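[1] What follows is a predicted protein model with its sequence.
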Amino acid sequence: MPMGGAALDLTGVPLPEETLLAAKQSDAILLGAIGGYKWDTNEKHLKPETGLLQLREALKVFANLRPASVLPQLVDASTLKKEVAEGVDLMVVRELTGGIYFGKPRGFSTDENGEEIGFNTEVYATYEIDRIARIAFETARKRRGKLCSVDKANVLEVASRL
Ligand SMILES: CC(C)[C@H](C(=O)O)[C@@H](O)C(=O)O
(Lines give C-alpha, C1' and ligand atoms only; values in the text may rest on other atoms or scores of the structure.)
Protein backbone atom coordinates (compact mmCIF):
# COMPACT_ATOMS: atom_id res chain seq x y z
CA MET A 1 0.00 0.00 0.00
CA PRO A 2 1.38 3.48 -0.80
CA MET A 3 2.66 5.52 2.09
CA GLY A 4 4.95 8.52 2.56
CA GLY A 5 6.68 9.88 -0.55
CA ALA A 6 5.28 7.16 -2.83
CA ALA A 7 1.76 8.03 -1.67
CA LEU A 8 2.37 11.74 -2.19
CA ASP A 9 3.37 11.08 -5.78
CA LEU A 10 0.41 8.79 -6.39
CA THR A 11 -2.37 10.45 -4.44
CA GLY A 12 -1.16 13.83 -3.18
CA VAL A 13 -1.29 12.88 0.50
CA PRO A 14 1.28 11.04 2.63
CA LEU A 15 -1.20 8.62 4.21
CA PRO A 16 -4.14 7.79 1.92
CA GLU A 17 -7.42 6.56 3.47
CA GLU A 18 -7.05 3.15 1.79
CA THR A 19 -3.60 2.65 3.26
CA LEU A 20 -4.81 3.53 6.73
CA LEU A 21 -7.82 1.22 6.36
CA ALA A 22 -5.64 -1.65 5.16
CA ALA A 23 -3.27 -1.03 8.08
CA LYS A 24 -6.15 -1.08 10.55
CA GLN A 25 -7.42 -4.36 9.10
CA SER A 26 -4.00 -6.03 9.24
CA ASP A 27 -2.46 -8.10 12.04
CA ALA A 28 0.99 -6.72 11.29
CA ILE A 29 2.52 -4.10 9.02
CA LEU A 30 5.93 -4.08 7.41
CA LEU A 31 6.85 -0.48 6.74
CA GLY A 32 9.62 0.50 4.35
CA ALA A 33 11.50 3.77 3.98
CA ILE A 34 9.08 6.66 3.56
CA GLY A 35 10.97 9.80 2.59
CA GLY A 36 13.68 11.33 0.49
CA TYR A 37 15.16 14.65 -0.60
CA LYS A 38 12.47 15.02 -3.22
CA TRP A 39 9.82 15.89 -0.62
CA ASP A 40 12.05 17.75 1.89
CA THR A 41 10.76 21.18 0.95
CA ASN A 42 7.06 20.23 1.02
CA GLU A 43 4.81 21.94 3.51
CA LYS A 44 4.61 20.02 6.77
CA HIS A 45 1.23 18.41 6.08
CA LEU A 46 2.60 17.16 2.75
CA LYS A 47 5.80 15.62 4.04
CA PRO A 48 6.29 11.84 4.04
CA GLU A 49 7.09 12.01 7.78
CA THR A 50 3.66 13.46 8.49
CA GLY A 51 2.14 10.29 7.06
CA LEU A 52 4.19 8.19 9.43
CA LEU A 53 3.16 10.27 12.43
CA GLN A 54 -0.49 10.02 11.35
CA LEU A 55 -0.13 6.26 11.09
CA ARG A 56 1.46 5.99 14.55
CA GLU A 57 -1.27 8.13 16.05
CA ALA A 58 -4.15 6.34 14.29
CA LEU A 59 -2.87 2.88 15.23
CA LYS A 60 -1.79 4.02 18.70
CA VAL A 61 1.57 2.33 18.26
CA PHE A 62 3.27 3.96 21.20
CA ALA A 63 6.14 1.54 21.76
CA ASN A 64 9.06 1.38 19.39
CA LEU A 65 11.58 -1.43 20.00
CA ARG A 66 14.90 -0.85 18.27
CA PRO A 67 17.48 -3.57 18.75
CA ALA A 68 21.15 -2.72 18.33
CA SER A 69 23.76 -5.44 18.20
CA VAL A 70 27.18 -5.79 16.65
CA LEU A 71 28.01 -8.93 14.70
CA PRO A 72 31.55 -10.14 15.54
CA GLN A 73 32.35 -10.18 11.82
CA LEU A 74 31.55 -6.47 11.57
CA VAL A 75 33.11 -5.17 14.77
CA ASP A 76 36.09 -3.70 12.87
CA ALA A 77 33.74 -1.85 10.52
CA SER A 78 32.40 0.23 13.41
CA THR A 79 33.58 3.77 13.97
CA LEU A 80 33.56 2.96 17.69
CA LYS A 81 36.62 1.50 19.38
CA LYS A 82 36.58 -2.28 19.18
CA GLU A 83 36.43 -2.69 22.95
CA VAL A 84 33.33 -0.45 23.02
CA ALA A 85 31.52 -1.96 20.02
CA GLU A 86 32.31 -5.60 20.78
CA GLY A 87 29.39 -7.50 22.24
CA VAL A 88 26.94 -4.60 22.07
CA ASP A 89 23.45 -6.00 22.47
CA LEU A 90 20.90 -3.33 23.33
CA MET A 91 17.19 -2.87 22.92
CA VAL A 92 16.16 0.76 22.71
CA VAL A 93 12.57 1.30 23.84
CA ARG A 94 11.28 4.57 22.48
CA GLU A 95 7.94 6.25 23.15
CA LEU A 96 6.30 7.18 19.84
CA THR A 97 2.94 8.87 20.21
CA GLY A 98 3.48 11.42 22.98
CA GLY A 99 6.14 13.96 23.81
CA ILE A 100 7.58 16.66 21.62
CA TYR A 101 6.46 15.23 18.29
CA PHE A 102 2.80 15.72 19.22
CA GLY A 103 2.89 18.23 22.07
CA LYS A 104 0.98 21.50 21.95
CA PRO A 105 1.40 24.44 21.83
CA ARG A 106 3.83 24.42 18.93
CA GLY A 107 4.65 26.94 16.27
CA PHE A 108 6.24 30.30 15.72
CA SER A 109 5.72 33.64 17.37
CA THR A 110 7.47 36.88 18.25
CA ASP A 111 8.97 37.60 21.64
CA GLU A 112 8.84 40.89 23.56
CA ASN A 113 11.87 42.16 21.62
CA GLY A 114 10.20 41.50 18.29
CA GLU A 115 12.47 38.52 17.74
CA GLU A 116 10.95 35.58 15.92
CA ILE A 117 10.81 32.49 18.14
CA GLY A 118 9.84 28.89 17.54
CA PHE A 119 8.60 26.36 20.07
CA ASN A 120 7.63 22.72 20.46
CA THR A 121 6.24 21.34 23.70
CA GLU A 122 7.45 18.18 25.39
CA VAL A 123 4.38 16.88 27.19
CA TYR A 124 3.55 13.45 28.59
CA ALA A 125 0.59 12.18 30.57
CA THR A 126 1.36 9.80 33.41
CA TYR A 127 -0.37 6.92 31.61
CA GLU A 128 1.93 7.40 28.63
CA ILE A 129 4.99 7.11 30.84
CA ASP A 130 3.50 4.20 32.73
CA ARG A 131 2.74 2.09 29.67
CA ILE A 132 6.10 2.65 27.95
CA ALA A 133 7.93 1.99 31.22
CA ARG A 134 6.02 -1.30 31.54
CA ILE A 135 7.11 -2.34 28.05
CA ALA A 136 10.69 -1.42 28.92
CA PHE A 137 10.66 -3.35 32.21
CA GLU A 138 9.01 -6.38 30.60
CA THR A 139 11.53 -6.32 27.77
CA ALA A 140 14.45 -6.03 30.19
CA ARG A 141 13.11 -8.93 32.23
CA LYS A 142 13.26 -11.16 29.14
CA ARG A 143 16.83 -10.06 28.41
CA ARG A 144 19.53 -9.36 31.01
CA GLY A 145 17.32 -7.69 33.57
CA LYS A 146 18.99 -4.31 33.12
CA LEU A 147 17.18 -1.11 32.26
CA CYS A 148 18.48 2.42 31.83
CA SER A 149 16.13 5.38 31.52
CA VAL A 150 17.56 7.96 29.14
CA ASP A 151 16.26 11.35 30.21
CA LYS A 152 17.47 14.61 31.68
CA ALA A 153 16.03 14.32 35.14
CA ASN A 154 18.75 16.52 36.71
CA VAL A 155 17.41 19.52 34.80
CA LEU A 156 13.89 18.72 33.58
CA GLU A 157 11.60 18.27 36.56
CA VAL A 158 8.86 16.60 34.49
CA ALA A 159 11.22 13.82 33.43
CA SER A 160 12.05 12.95 37.02
CA ARG A 161 8.51 13.18 38.46
CA LEU A 162 6.41 11.27 35.95
C1 LIG B 1 10.53 9.76 9.86
C2 LIG B 1 10.48 10.20 11.30
C3 LIG B 1 9.15 10.80 11.65
C4 LIG B 1 10.85 9.10 12.24
C5 LIG B 1 10.93 9.62 13.67
O6 LIG B 1 11.59 10.63 13.92
O7 LIG B 1 10.33 9.02 14.54
C8 LIG B 1 12.14 8.36 11.95
O9 LIG B 1 13.23 9.20 11.91
C10 LIG B 1 12.32 7.29 12.97
O11 LIG B 1 13.23 7.40 13.79
O12 LIG B 1 11.50 6.38 12.98
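    Structure's in. What do you need? The structure presented is a predicted model; accordingly, all values stated were derived computationally and were not measured. Residues are numbered from 1 along each chain as shown.

[2] Tell me how many other residues surround whichever residue of the chain sits closest to the ligand.
    Using CB to the nearest ligand atom, the closest approach of the chain to the ligand is made by residue 49 at 4.0 Å. Just so you know, the C-beta spots here come from the backbone N, C-alpha and C atoms, and that holds for glycine as well. Residue 49: 17 surrounding residues under other CB atoms under 10 Å.

[3] what's the helix or strand for the spatially closest residue to it that is not a sequence neighbour?
    Excluding the flanking residues, the one nearest residue 49 by CB to CB, 6 or more residues apart in numbering is residue 35, at 6.1 Å. Using DSSP states H and E, residue 35 sits in no helix or strand.

[4] Provide the backbone phi and psi angles at the residue of the chain closest to the ligand.
    Taking degrees, to the nearest 10, you get phi -60, psi -30 for the backbone angles of residue 49.

[5] and if you look at residue 39?
    Here is the backbone geometry of residue 39 (degrees, to the nearest 10): phi -110, psi 10.

[6] Repeat that for the one 3 residues further on.
    When quoted as degrees, to the nearest 10, the phi and psi of residue 42 stand at phi -60, psi 160.

[7] wait, it sits on residue 9?
    No: Residue 42 is not in contact with residue 9 according to CB atoms under 8 Å; the separation is 11.3 Å.

[8] ok, these two, which is more surrounded?
    The neighbour count for residue 42 versus residue 9, taken as other CB under 10 Å, is higher for residue 42 (16 against 11).

[9] Please list all residues in contact with the more buried one.
    By CB atoms under 8 Å, 6 or more residues apart in numbering, residue 42 lies in contact with residue 8.

[10] For it, give me the pLDDT.
    Looking at residue 42, its pLDDT reads 97.
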